[in-house]
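**Q** sequence first, predicted coordinates after that:
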Amino acid sequence: MGPGMELFCAKCSYRSPLHKLYREADTNKPGPKPALVNRYLPSALCGQSVITEGARLLLEHINIPTGANSGMLQRQANLVSKEITLLNKKNMAEKTRQVVEVNHLRGDANTSTIGIALDGRYNSTSFGSANKPGMNASQ
């Protein structure tokens, strides 16, 4: 989605070199580098109900070119998802360390214990799953 700009003269055949109007993301791989905005969009969509095709449709309706329809947004979303997962794991490790530290300051016998409370009104036998946070629904 990164646009470029070049100027040309209507009287002669002069064309200026293409100037990129975006910053490039460093991929550490050979080949063309994607625009940094192509990483920003999937990170903004992460956790939203709009998927990459919905975002593409939205951008096209407001006359913003989205590039080739070759799954570029989906590939960038996959990269961003991995980065967000790593960030989440680091954040949870830090929060766990803070809980252990607070429990140690309180003088708890088992410093790694985390007190939780469950709401039994949903008749759920488990709290969450490996794939999603929150309680499971029961019908």
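**A** Right, received. Where do you want to start? None of the values given here were measured: they were computed from a predicted structure.
**Q** quickly find the element holding residue 103.
**A** Taking DSSP states H and E as the definition, residue 103 sits inside helix 72-106.
**Q** now that helix: how far from the chain's centre is it?
**A** Put simply, helix 72-106 sits 13 Å off its chain's centre (CA atoms, centre = their mean, to the nearest Å).
**Q** list the buried residues in it.
**A** 72-73, 76-77, 79-80, 100, 103 (16 or more other CB atoms under 10 Å). Glycine gets a C-beta too; all of them are placed from N, C-alpha and C.
**Q** among the residues you listed, find the lowest-pLDDT one for me.
**A** Note: of those, the lowest pLDDT belongs to residue 72, at 67.
**Q** would you list every one of the helices in this protein?
**A** Secondary structure of the chain (DSSP state H): helices located at 37-45, 52-61, 72-106.
**Q** elements contacting the second one?
**A** For helix 52-61, the contact count by 3 or more CB pairs under 8 Å, 6 or more residues apart in numbering; DSSP states H and E identifies helix 37-45, helix 72-106 as packing neighbours.
**Q** just want the angle from the longest one to helix 52-61.
**A** Taking axes from the mean of the first three to the mean of the last three CA atoms, to 10 degrees, one finds that helix 72-106 is oriented at 120 degrees with respect to helix 52-61.
**Q** having no further points to raise, I will conclude here.
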